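Asks: just need the structure, nothing else, for what follows:
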Amino acid sequence: MRIGELAERAGTSTRALRYYEQHGLIRARRTTNGYRDYDEVDLRLVREIRSLLEIGFNLEETRPFVECLRSGRASGAHCPGSIEVLSRKLADLDACIAHLQAVRNTVRHELAQALDEEMSDDHRRD
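Replies: Predicted structure coming up:
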(Lines give C-alpha, C1' and ligand atoms only; values in the text may rest on other atoms or scores of the structure.)
Protein backbone atom coordinates (compact mmCIF):
# COMPACT_ATOMS: atom_id res chain seq x y z
CA MET A 1 0.00 0.00 0.00
CA ARG A 2 1.16 3.53 -0.63
CA ILE A 3 1.79 6.10 2.06
CA GLY A 4 -1.62 7.79 1.72
CA GLU A 5 -3.48 4.53 2.21
CA LEU A 6 -1.32 3.59 5.18
CA ALA A 7 -1.96 7.00 6.74
CA GLU A 8 -5.70 6.67 6.23
CA ARG A 9 -5.90 3.13 7.58
CA ALA A 10 -3.71 3.97 10.58
CA GLY A 11 -5.56 7.19 11.36
CA THR A 12 -2.54 9.43 11.00
CA SER A 13 -0.91 11.74 8.47
CA THR A 14 1.65 11.06 5.77
CA ARG A 15 3.85 13.59 7.53
CA ALA A 16 3.78 11.50 10.72
CA LEU A 17 4.65 8.38 8.73
CA ARG A 18 7.64 10.12 7.17
CA TYR A 19 8.68 11.22 10.66
CA TYR A 20 8.46 7.65 11.97
CA GLU A 21 10.49 6.54 8.97
CA GLN A 22 13.15 9.20 9.63
CA HIS A 23 13.48 7.84 13.16
CA GLY A 24 13.80 4.26 11.94
CA LEU A 25 10.53 3.03 13.42
CA ILE A 26 9.05 2.00 10.08
CA ARG A 27 10.83 1.14 6.86
CA ALA A 28 9.30 1.80 3.49
CA ARG A 29 10.18 -0.28 0.54
CA ARG A 30 10.39 1.59 -2.75
CA THR A 31 8.55 0.64 -5.90
CA THR A 32 10.27 0.88 -9.28
CA ASN A 33 8.84 4.37 -9.73
CA GLY A 34 10.16 5.47 -6.31
CA TYR A 35 6.91 5.44 -4.35
CA ARG A 36 6.97 4.25 -0.77
CA ASP A 37 5.36 0.84 -0.35
CA TYR A 38 4.05 -0.59 2.92
CA ASP A 39 2.32 -3.80 4.00
CA GLU A 40 0.09 -5.01 6.83
CA VAL A 41 3.07 -5.39 9.16
CA ASP A 42 3.80 -1.69 8.74
CA LEU A 43 0.16 -0.90 9.50
CA ARG A 44 0.42 -2.90 12.72
CA LEU A 45 3.64 -1.08 13.67
CA VAL A 46 2.09 2.33 13.05
CA ARG A 47 -0.99 1.42 15.06
CA GLU A 48 1.26 0.34 17.94
CA ILE A 49 3.23 3.59 17.76
CA ARG A 50 0.03 5.66 17.64
CA SER A 51 -1.57 3.85 20.57
CA LEU A 52 1.53 4.33 22.72
CA LEU A 53 1.82 8.00 21.78
CA GLU A 54 -1.85 8.51 22.65
CA ILE A 55 -1.32 7.26 26.21
CA GLY A 56 1.71 9.42 26.88
CA PHE A 57 4.77 7.57 25.65
CA ASN A 58 7.28 9.58 23.67
CA LEU A 59 8.45 8.47 20.25
CA GLU A 60 11.72 6.95 21.47
CA GLU A 61 9.86 4.93 24.10
CA THR A 62 7.90 3.21 21.32
CA ARG A 63 11.05 1.75 19.77
CA PRO A 64 11.27 -1.42 21.92
CA PHE A 65 7.61 -2.20 21.18
CA VAL A 66 8.17 -1.81 17.44
CA GLU A 67 11.28 -3.99 17.58
CA CYS A 68 9.36 -6.59 19.58
CA LEU A 69 6.61 -6.74 16.96
CA ARG A 70 9.20 -6.94 14.19
CA SER A 71 10.71 -9.96 15.92
CA GLY A 72 7.43 -11.79 15.40
CA ARG A 73 5.89 -11.46 18.83
CA ALA A 74 2.10 -11.25 19.07
CA SER A 75 2.36 -8.15 21.27
CA GLY A 76 4.86 -5.34 21.34
CA ALA A 77 4.90 -5.54 25.13
CA HIS A 78 6.32 -9.06 25.37
CA CYS A 79 10.04 -8.32 25.10
CA PRO A 80 12.55 -7.28 27.77
CA GLY A 81 13.02 -3.78 26.32
CA SER A 82 9.28 -3.15 26.26
CA ILE A 83 8.86 -4.46 29.79
CA GLU A 84 11.61 -2.11 30.95
CA VAL A 85 9.89 0.88 29.30
CA LEU A 86 6.53 -0.13 30.80
CA SER A 87 8.09 -0.43 34.26
CA ARG A 88 9.70 3.00 33.97
CA LYS A 89 6.46 4.55 32.71
CA LEU A 90 4.50 3.00 35.58
CA ALA A 91 7.00 4.37 38.11
CA ASP A 92 6.74 7.81 36.48
CA LEU A 93 2.95 7.66 36.61
CA ASP A 94 2.98 6.57 40.25
CA ALA A 95 5.26 9.50 41.12
CA CYS A 96 3.04 11.89 39.20
CA ILE A 97 -0.09 10.59 40.93
CA ALA A 98 1.58 10.93 44.34
CA HIS A 99 2.56 14.51 43.52
CA LEU A 100 -0.96 15.34 42.34
CA GLN A 101 -2.45 13.82 45.50
CA ALA A 102 -0.14 15.95 47.63
CA VAL A 103 -1.14 19.06 45.68
CA ARG A 104 -4.81 18.09 46.03
CA ASN A 105 -4.41 17.70 49.79
CA THR A 106 -2.75 21.11 50.03
CA VAL A 107 -5.53 22.74 48.03
CA ARG A 108 -8.17 20.95 50.11
CA HIS A 109 -6.49 22.17 53.31
CA GLU A 110 -6.25 25.76 52.02
CA LEU A 111 -9.90 25.69 50.99
CA ALA A 112 -10.99 24.32 54.37
CA GLN A 113 -9.04 27.07 56.14
CA ALA A 114 -10.48 29.75 53.89
CA LEU A 115 -14.03 28.49 54.47
CA ASP A 116 -13.48 28.30 58.23
CA GLU A 117 -12.19 31.89 58.28
CA GLU A 118 -15.11 33.07 56.17
CA MET A 119 -17.59 31.40 58.50
CA SER A 120 -15.85 32.94 61.53
CA ASP A 121 -16.00 36.38 59.89
CA ASP A 122 -19.72 35.90 59.15
CA HIS A 123 -20.43 35.00 62.80
CA ARG A 124 -18.54 38.09 64.03
CA ARG A 125 -20.62 40.32 61.78
CA ASP A 126 -23.84 38.94 63.21
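Asks: which residues of the chain fall in helices?
Replies: With DSSP state H, the ranges of helices along the chain come out as 3-10, 14-22, 40-54, 59-70, 80-125.
Asks: and the ones you listed: which comes nearest residue 29?
Replies: helix 40-54 (9.1 Å; Cβ to Cβ). C-betas here are computed from N, CA, C, even on glycine.
Asks: and residue 36, what is it in contact with?
Replies: Going by Cβ atoms under 8 Å, 6 or more residues apart in numbering, residue 36 touches 2-3, 21, 28-30.
Asks: identify, from those, the entry nearest to residue 108.
Replies: Using Cβ to Cβ, the contacts of residue 36 come closest to residue 108 at residue 21, 48.3 Å.
Asks: any weak-confidence spans in this structure?
Replies: 122-126 (pLDDT under 70).
Asks: rewinding a little: so which of the helices of the chain gets nearest residue 34?
Replies: Comparing the helices of the chain by Cβ to Cβ, helix 3-10 comes nearest, at 11.8 Å.
Asks: list the buried residues for that closest one?
Replies: 3, 6-7, 10 (16 or more other Cβ atoms under 10 Å).
Asks: and the contacts of it?
Replies: 1, 13-14, 16-18, 28, 35-36, 38, 42-43, 46-47, 50.
Asks: quick one, which of the residues you listed are buried?
Replies: 16-17, 28, 36, 38, 42-43, 46-47.
Asks: and those residues as CSV, adding distance to residue 71?
Replies: What follows is the buried ones among the contacts of helix 3-10, written out as CSV (distance: Cβ to Cβ, whole Å):
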residue, distance to residue 71
16, 24
17, 22
28, 20
36, 23
38, 19
42, 15
43, 17
46, 17
47, 17
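Asks: among the residues you listed, which two are most distant?
Replies: 36 and 47 (17.4 Å).
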